[in-house]
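A.B. asks: Need coordinates for the following:
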Amino acid sequence: MTAPQRPERRPRLDPEGDDRPGERAFTPTLLVTLAWYAVPVAVYLTWVLSQPPVDANCAASGCTVAGRVGAAVAGGWAWTLSSLTASLLVAVLLRLPRAGWRAGVAGSAAAILGAGLVTVVLRTAGWVI
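C.D. replies: Numbers count the residues shown, from 1 in each chain. Here you go, the predicted model:
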C-alpha cells in the first residue's frame with residue numbers, strides 16, 4: 001500500500017498580484033481607500049443634481065447647477081476631508097508591517113476606521129452635521 005499523496009501546496013500570497021511577499025503596496029491600498037469615498041460622493045452629487053430646485057433654496061444659493069452643488073458640498077466638506085485624511089493615514093499605517101493585510105482589505109478597513117475616528121473626535125468636540 002502506498003500512502004496518499006499530498007496535493008501541491010501553493011504559496012499563501014499570489015506572486016503575480018499586487019501583494020508580493022515583502023512588498024507593502026501602498027498605492028493599491030490608497031486607491032481602495034479613495035474609492036470608498038469617491039463612489040458615495042458621486043452618488044450623492046448625482047442625487048443632488050437629479051432633484052428639482054426648491055424655490056426657497058434658490059434665494060440663498062441660486063438655482064444654477066454650480067449653486068446647488070456648492071450648497072450641497074458646503075455643509076460637509078470639513079467633515080469629509082478630515083475623514084478622508086484620517087483614512088489615508090490609517091491605510092498607510094496598516095500597510096507598514098511587512099506581513100499584513102492585503103491591499104483591498106487594508107483600504108476598506110482604513111476607510112471605516114478613519115471615518116469612525118473622525119466621527120468620534122468631531123462629535124466629542126461638539127460638531128454636528
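A.B. asks: What segments of the chain are helices?
C.D. replies: Ranges of helices in the chain, per DSSP state H, are 26-50, 55-61, 65-74, 77-95, 103-124.
A.B. asks: and Pro53, how many neighbours does it have?
C.D. replies: When neighbours are counted by other Cβ atoms under 10 Å, Pro53 registers 14. For glycine as for every other residue, the C-beta is placed from the backbone atoms N, C-alpha and C.
A.B. asks: before we move on, what about Gly104?
C.D. replies: Residues lying near Gly104 (other Cβ under 10 Å) number 15.
A.B. asks: Looks like it contacts Val32 (just checking).
C.D. replies: Yes: between Gly104 and Val32 a contact is recorded at 5.3 Å, counting by Cβ atoms under 8 Å.
A.B. asks: how about stretch 108-122: buried residues?
C.D. replies: Neighbour-count burial for stretch 108-122 flags 108-111, 113-115, 117-119, 122 (criterion: 16 or more other Cβ atoms under 10 Å).
A.B. asks: Export that stretch to CSV, keeping only CA atoms.
C.D. replies: What follows is stretch 108-122, C-alpha atoms only, in CSV (Å, rounded to 0.1, in the frame of the first residue of the first chain):
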residue,chain,number,x,y,z
SER,A,108,-11.6,49.0,3.3
ALA,A,109,-10.6,48.8,6.9
ALA,A,110,-8.8,52.2,6.7
ALA,A,111,-11.9,53.9,5.3
ILE,A,112,-14.1,52.5,8.1
LEU,A,113,-11.6,53.2,10.9
GLY,A,114,-10.7,56.7,9.6
ALA,A,115,-14.3,57.8,9.3
GLY,A,116,-15.2,56.3,12.7
LEU,A,117,-12.3,58.0,14.3
VAL,A,118,-13.1,61.4,12.9
THR,A,119,-16.8,61.0,13.8
VAL,A,120,-15.9,60.3,17.4
VAL,A,121,-13.4,63.2,17.6
LEU,A,122,-15.7,65.8,16.0
